[in-house]
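Asks: below are the sequence and a predicted model; questions follow.
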Amino acid sequence: MKIAIVGSGYVGLVTGACFSEVGIDVVCVDIDEQKIENLKNGIIPIYEPGLENMIKRNMSKERLNFSTSLAETISEAEAIFISVGTPPDEDGSADLKHVLAVARECGKHMNDYKLIVTKSTVPVGTSEKVKSAVQGELDKRMVDVTFDVASNPEFLKEGAAIDDFMKPDRIVIGTESERAEKVLEKLYKPFTLNGHPVISMDIVSAEMTKYAANSMLATKISFINDIANLCEIVGADINNVRKGIGSDSRIGTKFIYPGIGYGGSCFPKDVQALIKTASENKYELQVLKAVESVNKAQKLVLFNKINSHFEGDLRGKTIAIWGLSFKPQTDDMREAPSLQIIKELLAAGVTVKAYDPVAKEEAQHHFGDTITYCDDQYETLIGSDCLAILTEWAEFKIPNFKVMKHLLNSPIVFDGRNIYDKEEMHALGYQYSCIGINTEKKNITKTQLNIQVA
C-alpha cells in the first residue's frame, strides 16, 4: 500500500516515518524545496526523540521518500493525508488556505479513487470545504472520479510523538463510507494488534474530538494554575492539594501540575479556534475563554515574583534562565512562557543569560543577540543575581547545588516548574520561590502574582 503525506512539518514527518516503519510505502510531499532536499540528505528540521533514526532507517529501506511534486505522487497513492499547517488568523480562527490548496491539487491530478484524509487540526466543517474544493477541480476537468474525504486527527505529544503514534491510546477516524473506513482500518491495523482501539465516527464528530481533547487538557492546566495562585495567597501547599485531588479517579494526576502556563503549537491555537467556532455559531464558550485568560496571566506570574523580590528595580540585574522551549524534549518555542518572561525582563533592563539543551537555535530566531546564550546550565549562573527555571528538562532536576551557590551572586532561585523541594532548598541556604507554595512565609498579594480579579 502506498500513501502520500502532504506537509513535512511536525505531524507530517512523524506520521510518514511511523507508517513507513510498519512497511507502508510513504512519500512525504512539501513545496519547500530546501526542506525536501535537506530531508533527502538526512537533515531533519525538528527535534523529536527517535525521529531522525526512524527516518534514516526507512529511507535506507526505500519505504520512505520525499518529493516536492504532489502531481507526480498522487497517481500511485491510495490515500492522501493532508498534514499542512493551520495557523491562527488574527481573529483566532484556523487558516485553511493550505489545506484547501492541497485539496484543489488532488482534484486537478487524481484519475482514480482516492481517500483524502485531514490529519491537520481543522475546525468542524472543514471536510465539506475539502470535498467541495476537490469536486470543483474535477468539475473543471469534466471528469467523474470517485473519492472520499475522512478525518483522522492526531494526538501526538511533542517529545513523545513516536511512542504516541506507535502505541496510541486510541485512533479516531471520521468517515462517510464503508470503503473509506476499511482503508483507514487497514492502514492502522499494525498499531491495533496490542488492543489499541480504533474509534470510528462521523467526520464532524472526529473534527470536534481533536479540539475538545486539547481544550480539556488546557482547561486542567489553567485550573490547577488558578488554584495554585490561590494556595499562595491563603497559605496552602499546591503539591498537597494536587495529590489530594489527583487520587480521585474521576480527576486523575495528569495535567494538574502547576507552572507558568501552557504553550506550544496546539493548546493555544486550538483553544482559540474552538472559541471562534462557537462564536460563529452564536454560542459562547465561557469556560474556555476563562482558560485562555488564566493562561495569559500565568505566563507573567514568575516575572512578577522576580520583580517583587527586587522591589521593582531590575535595571542592571543579571538573571540566569534555565529552559527556553515550551516543554522538555522539544526545541519548539511557539507560545512558550519563556518568550513573554524574557521580553519583560529585557524591558526592565535585565541582562539575560540563558541555556536550553536543544532550543538555542530556535531562541536566536526570537531574541537575536539581545540575550546571552550559554553552552551549559552552570555557565548561566556566573555573575547572575538569581536563577529562573522555565522548562523542566531532566538535567535541571538534580543539579550541583553547592556549585550553583558558589557561582550565583546570591543564592536565589525562582522555580517556574516546581522541580525542587522547598525545605531542601531552604536547608541549603537558598531563597526559593515556586508556584502555588508560599515559601517565604509572608503575605502574598494578588498584584504580586499578576492575578486579574473581576
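Replies: Perfect, I can see it now. Numbers count the residues shown, from 1 in each chain.

Asks: going forward, measure contacts between C-alpha atoms and count neighbours the same way
Replies: Fine.

Asks: show the subsequent helix or strand relative to the longest helix along the chain.
Replies: Across the chain, the longest stretch assigned as helix under DSSP state H is helix 203-234. Counting by DSSP states H and E, the next helix or strand C-terminal to helix 203-234 is helix 238-246.

Asks: CA-only coordinates of the next helix-or-strand element following that next one in PDB, if you can.
Replies: Counting by DSSP H and E, the next helix or strand C-terminal to helix 238-246 is helix 267-280. Coordinates of each C-alpha in helix 267-280 appear next as PDB, following Å, rounded to 0.1, in the frame of the first residue of the first chain:
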ATOM      1  CA  PHE A 267      -3.200  24.200  23.000                       C
ATOM      2  CA  PRO A 268      -3.200  28.000  22.500                       C
ATOM      3  CA  LYS A 269      -4.200  27.700  18.800                       C
ATOM      4  CA  ASP A 270      -6.800  25.000  19.300                       C
ATOM      5  CA  VAL A 271      -8.500  26.800  22.300                       C
ATOM      6  CA  GLN A 272      -8.700  30.000  20.200                       C
ATOM      7  CA  ALA A 273     -10.100  28.100  17.200                       C
ATOM      8  CA  LEU A 274     -12.800  26.400  19.200                       C
ATOM      9  CA  ILE A 275     -13.800  29.700  20.800                       C
ATOM     10  CA  LYS A 276     -14.100  31.100  17.300                       C
ATOM     11  CA  THR A 277     -16.100  28.200  16.000                       C
ATOM     12  CA  ALA A 278     -18.500  28.700  18.900                       C
ATOM     13  CA  SER A 279     -18.800  32.400  18.200                       C
ATOM     14  CA  GLU A 280     -19.500  31.800  14.500                       C
END
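
Asks: who's in contact with stretch 310-325?
Replies: 307, 331-333, 336, 338-339, 345, 348-357, 359-360, 363, 377, 380-381, 383-393, 396 (CA atoms under 8 Å, 6 or more residues apart in numbering).

Asks: quick revisit: could you check the angle the longest helix of the chain makes with helix 238-246?
Replies: Interaxial angle, helix 203-234 versus helix 238-246 (axes from the mean of the first three to the mean of the last three CA atoms, to 10 degrees): 140 degrees.

Asks: helix 203-234: which residues count as buried?
Replies: Within helix 203-234, the residues that count as buried by 16 or more other CA atoms under 10 Å are 203-212, 214-233.

Asks: got the contact list for E154?
Replies: Applying CA under 8 Å, 6+ apart to E154 gives the contacts V11, K119, S120, T121, K210.

Asks: hmm, the first one is touching S83, no?
Replies: So that's V11. Yes. V11 is within contact range of S83, at 6.3 Å (criterion: CA atoms under 8 Å).

Asks: so which of these two has more stuff around it?
Replies: S83 (29 against 22; other CA atoms under 10 Å).

Asks: mind checking the SS state of C28?
Replies: strand (DSSP: H, G, I helix; E, B strand; the rest coil).

Asks: identify each buried residue in stretch 123-135, please.
Replies: Neighbour-count burial for stretch 123-135 [16+ other CA under 10 Å]: P123, V124, T126, S127, V130, K131, S132, A133, V134, Q135.

Asks: ok so the first one is a strand residue?
Replies: Same thing as P123. No. Residue state for P123 (three-state DSSP) corresponds to coil; a strand is not indicated.

Asks: any figure for the gap between it and N214?
Replies: 13 Å (CA to CA, to the nearest Å).

Asks: do the fifth one as well
Replies: Counting by CA to CA, the gap between V130 and N214 amounts to 23 Å.

Asks: what pLDDT does the nearest residue to K397 once chain neighbours are set aside get?
Replies: With sequence-adjacent residues excluded and distances taken as CA to CA, 6 or more residues apart in numbering, K397 is closest to I419, at 6.1 Å. We have a pLDDT of 96 for I419.

Asks: now do P87
Replies: pLDDT recorded at P87 is 79.

Asks: what's the answer for G195, then?
Replies: Looking at G195, its pLDDT stands at 80.

Asks: contacts only, for the nearest residue to A206 once chain neighbours are set aside.
Replies: Distances taken as CA to CA, 6+ apart place G174 nearest to A206, at 5.1 Å, with adjacent residues excluded. For G174, the contact set (CA under 8 Å, 6+ apart) comprises A150, S151, N152, E181, S200, M201, D202, I203, V204, S205, A206, E207.

Asks: outline the domain layout of this protein.
Replies: What automatic domain parsing lists as the domains of the chain is 2-201, 202-454.

Asks: now do stretch 427-436: everything it contacts.
Replies: In contact with stretch 427-436 (CA under 8 Å, 6+ apart) are residues 225, 227-232, 236-239, 258-260, 305, 401, 405, 411-418, 422, 425-426, 439-440.

Asks: rewinding a little: helices or strands up against the longest helix of the chain?
Replies: strand 147-151, strand 171-174, helix 238-246, helix 267-280, helix 286-298 (3 or more CA pairs under 8 Å, 6 or more residues apart in numbering; DSSP states H and E).

Asks: pull the distance from it to the chain's centre.
Replies: Distance of helix 203-234 from its chain centroid, counting by CA atoms, centre = their mean, to the nearest Å, is 14 Å.
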